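Novice: quick one, what's the 3D model for this:
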Amino acid sequence: MTTLFDSPALALLEFESIAAGYLAADAMAKRAPIARIVAGTVQPGRLLVLLSGGVAEVEEALAAGRAVSAGSLLDEVFLPAVHPGVIAGLMGERSPIADGLGIVESRAAASALHAADAGLKGADVALVELRLSDGLAGKGICFFTGTVSAVETAVDIASAAVSPGQFLHAVVIPQLSPDIAATLHTSSLFSQNLQK
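Specialist: Down below sits the predicted model:
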């Protein structure tokens, strides 16, 4: 089975209509020989479609998906040379929190993915967590860690990468409280943290 790690390009499309999203996903899968396509529903009733493969193939598939999206495409991101840290974040890997913590929050999942990639490429930081929609009412969020100055740079770059109209909020927290750091180490989901 092809993993997301095997391909240089990654794209994420976020659809308001689940039906239109599946139609677009089918068109993308049939249009170009992409390495992997994953589709699934997220809150609040949206469909995310993630593609990976060669740059040209993913671009061609994206064009096919856009053409049949019936105006339901909320946001999208195309990363022709995705940072490996983004893939690790998508797979649930976490980095321990260092001196600084930066958080970038967007109204859409695709924008958070773009922000994570931009921040990782633009500064010497790691991802603590990358969450796309689940438990966030459709929002996306990425947490960066590193030195405070590196985190500040990453947050600035990541915030600028968010699609127009999708940016919600960004903060940098130096020397995060150990109690809060402990909750973020495993999950930012409230219900999971209650069980500890």
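Novice: can you show me the strands along this structure?
Specialist: Per DSSP state E, the chain carries strands over the ranges 9-15, 36-42, 46-53, 73-79, 100-106, 126-132, 140-146, 167-174.
Novice: other residues contacting the last one?
Specialist: Outside of strand 167-174, the residues that reach it under the criterion CB atoms under 8 Å, 6 or more residues apart in numbering are 99-107, 111, 139, 148, 151-152, 155, 158-159. For the C-beta atoms, the positions are set from N, CA and C on the backbone; glycine is no exception.
Novice: circling back to that earlier point, would you list the strands of the chain in CSV and tack on mean neighbour count?
Specialist: What follows is the strands of the chain, written out as CSV (neighbours: other CB atoms under 10 Å):
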stretch, mean neighbour count
strand 9-15, 25
strand 36-42, 16
strand 46-53, 24
strand 73-79, 22
strand 100-106, 25
strand 126-132, 23
strand 140-146, 27
strand 167-174, 15
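Novice: out of these, the one nearest residue 85 is which?
Specialist: strand 126-132 (5.3 Å; CB to CB).
Novice: mind giving me the packing neighbours of that closest one?
Specialist: Contacts defined by 3 or more CB pairs under 8 Å, 6 or more residues apart in numbering; DSSP states H and E place strand 126-132 against helix 84-90, helix 109-122, strand 140-146, helix 178-186.
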